[in-house]
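Trainee: For reference, the sequence and a predicted model appear below.
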Amino acid sequence: VSVNDLYLSPNPTKGYCSIEGTNSELINEVRIFSLSGKTEKTFSNKVFNIDDMDKGIYLIQAYTKAGQSYSLNLYKNMKITKKIAVFAILAASFCWSMNAKPVLPAIFSDNMVLQQQTQIPIWGQAGKRKEVKLTASWDGKTYIAPTDSEGNWKIEIQTPNAGGPYDISISDGKEIKLSNVMIGEVWICSGQSNMEMPIKGWGKVMNFQQEINQANHPDIRLYQVKKTISPIPLTKGESTMGGWQNCSSQTVENFSAVAYFFARELNQKLNVPIGVIDVTWGGTPAESWTSGKTLDTMWEFHEQIAL
């Protein structure tokens, strides 16, 4: 069963399966559950052995390092009927409630920077009608919030002065931990091709190879938003980099040159951690970055908005 553009595929190695599709390269753990909820197998990557498993229906739970998880059904040596498919979906839901960890949007990951001295919302999904606890290592305070009927939750936390690294743990009975979190200044760097132009790639700024070689700045963190077309605002965005990354020669070459040089200048002048979010798309009209509600206040857009 395909979920979120992920699907199971036979692997060239006999007796093995692998998870393929969008973001499959980010998966670093796979757990296989039987219908009873018992953990049958755990693997440290997206390729796993099913050769010695009995005939039946299994839930495949795939986790990324950032704590995101995806569920897929595995039918081994079974003819799929409508009744079996419905039963598998119900069983998968049961196993999910027993074994799932809290799930966070990609923007919350290891290596992230949070804005200093303010109230920061952190949100995600967990088991339905559960209690989510969040603890930040900078003050040891625990925040608690319930999930709603869909498993959604949100907690606001107070951030300290610039510093780090810190950890944030989030649990609904099963814990995930965000590590190497910094507190500092966070900037959104958005626009068209002038802002999108990468240091290397099609941009090739002056002395680009030298700039890349010297781009090791552990207090600068980079986040690049994956380009996605949608007629409505999305609640879950994706990252092209698998979440936040430390600024280094290995991570900076395809990042916005303007955003990088801006972050470097701020870091040198302010001497605090800097997080920059690259959300750019060359050639896009200003209207595509404007909400429908705002556009509808201008008469020339009434007809398009009505569609």
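Mentor: Thanks, I have the structure now.
Trainee: Please report how far R221 lies from N111.
Mentor: R221 is 5 Å from N111, where distance means Cβ to Cβ, to the nearest Å. Glycine gets a C-beta too; all of them are placed from N, C-alpha and C.
Trainee: List the residues that are in contact with both of those two.
Mentor: Applying Cβ atoms under 8 Å, 6 or more residues apart in numbering, one finds that R221 and N111 are jointly contacted by M182, W244, Q245, N246.
Trainee: which one of those is nearest S149?
Mentor: Of all the shared contacts of R221 and N111, S149 sits closest to W244, with 30.9 Å by Cβ to Cβ.
Trainee: Does that closest one touch P105 like I think?
Mentor: No - in this structure W244 lies outside contact range of P105 using Cβ atoms under 8 Å: 11.9 Å.
Trainee: So these two - more neighbours on which side?
Mentor: When W244 and P105 are compared for neighbours, W244 comes out ahead with 26 against 20, by other Cβ atoms under 10 Å.
Trainee: So what does K174 have for phi and psi?
Mentor: Note on K174: its backbone torsions stand at phi -120, psi 130 [degrees, to the nearest 10].
Trainee: let me fix that: Q115
Mentor: Dihedral angles for Q115 - degrees, to the nearest 10 - are phi -60, psi 130.
Trainee: What is the neighbour count of the residue lying closest to it once chain neighbours are set aside?
Mentor: Spatial nearest neighbour of Q115, chain neighbours left out: V186 (4.8 Å); criterion: Cβ to Cβ, 6 or more residues apart in numbering. Neighbour count of V186, defined by other Cβ under 10 Å: 20.
Trainee: is V186 in a bridge, and if so with what?
Mentor: For V186, the beta-bridge partners are G275 (DSSP bridges).
Trainee: got a list of what it touches?
Mentor: For V186, counting by Cβ under 8 Å, 6+ apart, the contacting residues are V113, L114, Q115, I274, G275, V276, I277.
Trainee: which among these end up buried?
Mentor: Buried members of the contacts of V186, counted by 16 or more other Cβ atoms under 10 Å: V113, L114, I274, G275, V276, I277.
Trainee: Quickly find the element holding Q209.
Mentor: Q209 is located in helix 208-213, with elements delineated by DSSP states H and E.
Trainee: Give the rounded mean pLDDT of that helix.
Mentor: Mean per-residue pLDDT for helix 208-213: 96.
Trainee: circling back to that earlier point, could I get the buried ones among the contacts of V186 as TSV with distance to D139?
Mentor: Formatted as TSV, the buried ones among the contacts of V186 follow (distance: Cβ to Cβ, whole Å):
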residue	distance to D139
V113	17
L114	13
I274	22
G275	20
V276	26
I277	25
